[in-house]
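Trainee: coords please:
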Amino acid sequence: MAITLADGFIAVTDKAISNLHSAKAARNELHGAKETLEKIVAEADHLIDILSQAQGVQGVQSDAVNRQAFAIMDLASRLTVLMLTMGAENRRNIEPRVLQAGDAEHRYLEGMLRQMENARTLLTDLIRSSPGGSDPIQF
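Mentor: The predicted structure is shown next:
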């Protein structure tokens, strides 16, 4: 089922959180690039935590925060597809390919990591500037 902004904050954040969990699980499909993949998992954990907390604070559930949660949902979906595709390609090979720093795939993963970091920064800023942003959300 496709989620849209019209489905509301809880549905969007639930799907974003689900997609982030899928991205974390897809990490196990890849070999090499340990530091980058660990950072992706850590960033996914940060986003999951912030989104989960935001679900419980009515005052931060603004249109802007909802749009950012939707963007995170999309980003996590694209990241999951990328990692699962790379993992499937590895399974077709007799010897799994190990991601190396500087590889095109590794650079793409690093770009996705930067997008996740930027998404978290923007989400945090939007929550802090919302009417309920002074409520106890731990960043």
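Trainee: can you give me the helices in the protein?
Mentor: Remark: helices assigned in the chain by DSSP state H are 9-26, 34-55, 63-92, 104-129.
Trainee: so which of those is the most surrounded?
Mentor: Stretch with highest mean neighbour count among the helices of the chain: helix 9-26 (a mean of 20; mean count of other CB atoms under 10 Å). In this view, the C-beta of every residue, glycine as well, is placed from N, C-alpha and C.
Trainee: next, the angle helix 63-92 makes with it.
Mentor: For helix 9-26 against helix 63-92, the angle by axes from the mean of the first three to the mean of the last three CA atoms, to 10 degrees is 20 degrees.
Trainee: now the residue at the greatest distance from the centre of the chain: phi and psi?
Mentor: The C-alpha centroid of the chain is most remote from residue 94, which lies 30.8 Å away (CA atoms, centre = their mean). Main-chain torsions, residue 94, degrees, to the nearest 10: phi -60, psi -50.
Trainee: what's the answer for the one 4 residues further on, then?
Mentor: Main-chain torsions, residue 98, degrees, to the nearest 10: phi -100, psi 130.
Trainee: any idea how far residue 80 lies from residue 113?
Mentor: To residue 113, residue 80 is 14 Å away according to CB to CB, to the nearest Å.
Trainee: about what we covered before: for the helices of the chain, give me JSON lines that also has mean pLDDT and distance to residue 2.
Mentor: Shown next, in JSON lines, are these (pLDDT from 0 to 100; distance: least, CB to CB, whole Å):
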{"stretch": "helix 9-26", "mean pLDDT": "95", "distance to residue 2": "9"}
{"stretch": "helix 34-55", "mean pLDDT": "95", "distance to residue 2": "19"}
{"stretch": "helix 63-92", "mean pLDDT": "93", "distance to residue 2": "11"}
{"stretch": "helix 104-129", "mean pLDDT": "94", "distance to residue 2": "20"}
